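In: For reference, the sequence and a predicted model appear below.
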Amino acid sequence: MSTWPDDGAGEGLGAEAEAVARPRPATPTSLAELERRAAARRGQPAYGHDALIACDRLVRVFSTDGVEVQALQGLDLLVAEGELMALVGASGSGKSTLMNILAGLDIPTAGAATVAGRDLLTMDAGARLGYRRDVVGFVWQQTARNLLPYLTALQNVMLPMQLRGGRRRAARTKAAGELLSMLSLDHCRDRRPHQLSGGEQQRTAIAVALANTPSVLLADEPTGELDSHTAEQVFTAFRTANEELGTTIVIVTHDQTVANEVRRTVAIRDGRTSSEVLRRTERDATTGQESLVAREYAMLDRAGRLQLPTEYTSSLGMAHRVLLELETDHIGVWPDDTADGAAQGRGGGEDGDGDGDGDGDGDGSANGDEAGGTGKRD
Ligand SMILES: Nc1ncnc2c1ncn2[C@@H]1O[C@H](COP(=O)(O)OP(=O)(O)OP(=O)(O)O)[C@@H](O)[C@H]1O
């Protein structure tokens with residue numbers, strides 16, 4: 001198994017293995033060299049400084065009845081302004097926890113998170129209210145959470161504008177009508193939610209979320225209750241909002257169609273980002289024909305940790321330790337060739353919890369050797 005640098009194009013990955021070997025530097029690093037590197041780093045911009053959404057080693061621990069659940073375990077995520085991207089992951093991986101934090105409804109336990117320059121850890125109650133009203137809009141899976149049943153579609157869209165204040169009624173009516181038109185909902189203006197189809201309700205919810213022109217639109221399983229054709233229409237509404245208004249959009253979804261339609265899909269696993277699928281259009285040099293190419297990348301976190309896919313590690317019997325070798329253009333990763341390592345590998349690399357990490361804790365991380373170690377392949 002070998003690891004190559006990101007070629008800038010964007011293919012997919014699962015269980016986390018941590019490398020135990022580091023290539024030896026040719027000569028010991030001098031103090032002067034360390035000082036030079038530290039000085040160079042001081043001049044560097046902060047992590048995610050140019051991203052609209054920046055989550056840096058985000059942690060969220062829930063404590064219920066003395067039991068701690070680590071929903072987010074040092075999650076890193078950057079989202080650029082104007083992006084339309086999807087978040088995927090197994091049930092319980094931490095997607096909703098992340099969305100609630102980004103929505104300003106929950107506060108992380110540790111780490112850093114900024115959205116449009118707002119610090120989500122240090123905002124006071126007033127700033128948090130303003131953030132939810134002006135900076136982010138949300139669309140939830142349950143339509144009842146998105147729309148008020150006794151208001152028409154137009155009135156629902158006007159409500160956030162009214163709560164913010166500052167615009168006359170005529171201006172609010174015009175702006176709300178334009179949003180509904182943009183999402184092909186003119187015919188729904190004067191209908192109440194129960195008079196709308198599921199897809200129309202969700203598209204109206206998108207118009208409501210866009211009412212105060214937020215920088216970011218967050219959607220948690222917005223097509224979860226819809227058939228595939230209707231889901232497609234709802235996704236088109238997100239795309240329209242992204243293209244016409246430039247709104248940055250993050251969609252949590254189990255819907256593969258939605259995940260396939262965005263340029264970037266980030267997978268969350270056990271509270272951390274694990275892999276990313278990037279899609280781009282390539283043109284064949286001879287035929288001129290365009291095709292969509294999708295590639296999956298593993299994420300290297302800021303501590304240098306890399307999650308390797310379980311299917312890769314188990315097929316090579318990699319259970320707990322691996323050997324690393326630095327090549328000119330990639331890093332080689334080999335099964336542990338020590339006697340006990342080989343015995344573990346022959347055991348199938350299974351650790352009883354199915355995550356291939358050998359620690360039995362189900363978190364997919366190869367704990368205990370994060371700083372690297374011995375075992376360089378000579
Ligand atoms: N308020 C809470 N109190 C205690 N534990 C919680 C709370 N909210 C979430 N959790 C736990 O945190 C972990 C992540 O939950 P989260 O809802 O973020 O996952 P998810 O990826 O959104 O799952 P799903 O796809 O099923 O919605 C789970 O183990 C969950 O049980």
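Out: Everything's here; your move.
In: Strands of the stretch 101-250 of the chain, start to end?
Out: Secondary structure of the stretch 101-250 of the chain by DSSP state E, counting those that start in this stretch: the strands cover 110-115, 118-119, 136-140, 216-220, 248-252.
In: Give me the helices and strands touching the third one, please.
Out: When contacts are defined as 3 or more CB pairs under 8 Å, 6 or more residues apart in numbering; DSSP states H and E, strand 136-140 sits against helix 198-209, strand 216-220. Where C-beta positions appear, they are placed from N, C-alpha and C, glycine not excepted.
In: still on that earlier bit, can you say which of the strands of the stretch 101-250 of the chain is nearest to Leu87?
Out: strand 248-252 (4.8 Å; CB to CB).
In: Contacts made by that closest one with the rest, please.
Out: With CB atoms under 8 Å, 6 or more residues apart in numbering as the test, strand 248-252 has contacts from 52-53, 79-88, 95-96, 99, 102, 215-222, 238, 241-242, 258, 262.
In: one more time with 6 Å
Out: Applying CB atoms under 6 Å, 6 or more residues apart in numbering, the contact partners of strand 248-252 are 52, 81-87, 95, 99, 216-221, 238, 242.
In: and it, anywhere near the ligand?
Out: No - applying CB under 6 Å from any ligand atom, one finds strand 248-252 separated from the ligand by no less than 7.0 Å.
In: Which positions in this protein make contact with the ligand?
Out: Phe62, Thr64, Val69, Ala71, Gly89, Ser91, Gly92, Ser93, Gly94, Lys95, Ser96, Thr97.
In: Just those residues: which are in helices?
Out: Counted as lying in helices by DSSP state H, out of these, are Lys95, Ser96, Thr97.
In: For the second one, give me its contacts.
Out: In this case it means Ser96. Asp220.
In: Over to the first one?
Out: Neighbour list for Lys95: Leu87, Gly89, Val252, Ile268 [criterion: CB under 6 Å, 6+ apart].
In: As a check, name the ranges of all helices in the stretch 1-150 of the chain.
Out: In the stretch 1-150 of the chain, helices defined by DSSP state H, counting those that start in this stretch lie at 31-42, 95-102, 125-134, 143-146, listed in chain order.
In: I'd like the average pLDDT over the last one.
Out: Read that as helix 143-146. The pLDDT scores in helix 143-146 average 80.
In: what's the answer for the third one, then?
Out: Looking at helix 125-134 alone, the average pLDDT works out to 92.
In: Let's have the ones in helices among the residues of the chain next to the ligand in CSV, adding pLDDT.
Out: Output for those, formatted as CSV (pLDDT from 0 to 100):
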residue, pLDDT
Lys95, 94
Ser96, 93
Thr97, 95
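In: re the thing from before, reformat the helices and strands packed on strand 136-140 as a markdown table; add mean neighbour count and mean pLDDT.
Out: Listed next are those as a markdown table, based on neighbours: other CB atoms under 10 Å; pLDDT from 0 to 100:
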| stretch | mean neighbour count | mean pLDDT |
| --- | --- | --- |
| helix 198-209 | 25 | 95 |
| strand 216-220 | 24 | 96 |
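In: And those: which comes nearest Gln44?
Out: Within the helices and strands packed on strand 136-140, the stretch nearest Gln44 is strand 216-220; the backing value is 25.7 Å (CB to CB).
In: Next, the angle strand 110-115 makes with that closest one.
Out: 120 degrees (axes from the mean of the first three to the mean of the last three CA atoms, to 10 degrees).
In: so strand 216-220 versus strand 248-252, what angle?
Out: Inter-element angle recorded for strand 216-220 and strand 248-252: 10 degrees (by the same axes, to 10 degrees).
In: Understood, closing this out.
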